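Undergrad: Just to be clear, the model below is a prediction. Sequence and coordinates:
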Amino acid sequence: MRVLLVEDDDGVADALVEALRANGHRPARVRRGADALIAHRDADVVLLDLGLPDQDGLEVLRKLRKIDPVPVLVLTARGDERTVVRGLRLGADDYLVKPVRLAELLARIDAVARRSAARSQEPDDVVRVSDVEIDLQSRQVVVGGREISLTTKEFDVLAVLARRPGTAVSRQQLMDEVWGNAFVAVSRTLDVHLTQLRAKLDRPGLLHTIRGFGYRLGE
């Protein structure tokens, strides 16, 4: 599995990277929370330390949970009950207190990955909502039997929503998946693309705005 290790201590990180690689995983390591909020897209599992140099790991977890369901295993020296409970409530899939036995860590990684795989379902290549067909592979959109032309970013925005038809998607998640980082992307840019997308689709009510949260494709 591709394991993203978010750890600022070089000694701890080097040992974990070596152990993960020796056990068949593909580890990548970052030191800062800001880097984790970009690199998570290439990971199957995230190992998250809480004592990061740029921001608290719990804040990183909170932001990450708004944009990505990737399994997160907190690996930290903080073992007090309050922090453990808060981490789990913020969406951590598991919580381990350092020092941790390698065999246990590997078993926990496998367990959270299995649970995540069981929950996930691959979307259909072609998504149909009313008389709109969205082909995610060929990047074609047909409305009422007529193909319409979208820009790259317009299709990317639509594709994020089409992979979750009928499900609310937050603005942060949209910006993260389309622009690569929800926390540096200009929010106004998303608004412009959505306005253009609605005009081209010409289907009032197809793209719903959920005030204070995000958007939904279809009912």
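TA: On my side now, so go ahead.
Undergrad: Show me which residues of the lowest-mean-pLDDT helix or strand in the chain are buried.
TA: Using mean pLDDT, DSSP states H and E, helix 102-119 stands out as the lowest-scoring helix or strand of the chain, at a mean of 81. Buried residues in helix 102-119, counted by 16 or more other CB atoms under 10 Å: 105, 108, 109, 112, 113. The way it works is simple: take the backbone N, C-alpha and C, and place the C-beta from them, glycine included.
Undergrad: Now do the same contact list for the last one.
TA: Spelled out, that is residue 113. 1, 44, 45, 71 (CB atoms under 8 Å, 6 or more residues apart in numbering).
Undergrad: got it, and the second one?
TA: Applying CB under 8 Å, 6+ apart, we find residue 108 in contact with 73, 94, 96.
Undergrad: Quick check: it vs residue 196, distance?
TA: 45 Å (CB to CB, to the nearest Å).
Undergrad: circling back to that earlier point, JSON lines please, covering the contacts of residue 113 and showing pLDDT.
TA: Converted to JSON lines, these look like this (pLDDT from 0 to 100):
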{"residue": "1", "pLDDT": "90"}
{"residue": "44", "pLDDT": "92"}
{"residue": "45", "pLDDT": "95"}
{"residue": "71", "pLDDT": "90"}
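Undergrad: What remains of the residues you listed if I keep only buried residues?
TA: Among the contacts of residue 113, those buried by neighbour count (16+ other CB under 10 Å) are 44, 45, 71.
Undergrad: you'd agree the last one is up against residue 112?
TA: Okay, so that is residue 71. Yes. Residue 71 lies in contact with residue 112 (CB atoms under 8 Å); the separation is 4.1 Å.
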